[in-house]
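Engineer: sequence plus the predicted model coming up.
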Amino acid sequence: MTDRPDTQEARTDEDDVRLIEEIFAELGSAFAEHDAARFDERFTADIVFTAVNGVRFFGWEEIHAYHRERLTGHAEGISTWYEIERVTFPAPDVAVVFFRQPVVVSGHERANVGTWVLVKREGQWWISAGQNTGVAVTA
């Protein structure tokens with residue numbers, strides 16, 4: 001049997017983890033202010049992003065148009081934030097972030113989970129790919 005490598009090992013580079021946590025805190029703040037430009041500030045030009053509804057976006061222009069429409073037209077009364085569950089570094093300049101995103105609308109709570117890939121370029125972390133999934137609500 002072939003030995004399989006571990007790639008999800010959490011690295012102890014606290015500076016990188018802190019910088020990534022700051023990006024997710026900024027995402028939460030930008031959402032609360034319905035500021036799509038700020039929300040999308042850390043997405044790469046060639047982002048590939050799958051929204052909770054299954055729609056896939058290719059490139060910053062597409063995802064920004066979607067977020068601009070969603071944040072200005074549909075975000076009133078919605079509270080959301082990001083709870084990072086795990087950050088792993090399969091390579092020094094690549095991070096995979098696993099998170100939970102509670103969403104509260106009119107006192108009703110649901111959640112999304114996400115797996116996003118960030119890349120480090122010239123000392124800055126950028127969101128390169130993202131997959132969000134709605135969590136099934138059980139009665």
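Structural biologist: Right, received. Where do you want to start?

Engineer: quick check, pLDDT for the residue nearest the centre of the chain.
Structural biologist: Geometric centre of the chain, nearest residue: residue 116, 5.4 Å, by CA atoms, centre = their mean. We have a pLDDT of 98 for residue 116.

Engineer: any idea how far residue 3 is from it?
Structural biologist: 29 Å (CB to CB, to the nearest Å). (Each C-beta comes from the backbone N, C-alpha and C, glycine too.)

Engineer: with residue 59 instead?
Structural biologist: As judged by CB to CB, residue 59 and residue 3 stand 38 Å apart.

Engineer: give me the more crowded residue out of those two.
Structural biologist: Shown here are residue 59 and residue 3; by other CB atoms under 10 Å, residue 59 has more neighbours (15 against 4).

Engineer: for that one, what are phi and psi?
Structural biologist: phi 100, psi 160 (degrees, to the nearest 10).

Engineer: spit out the contact partners of it.
Structural biologist: Residue 59 is in contact with 45-47, counting by CB atoms under 8 Å, 6 or more residues apart in numbering.
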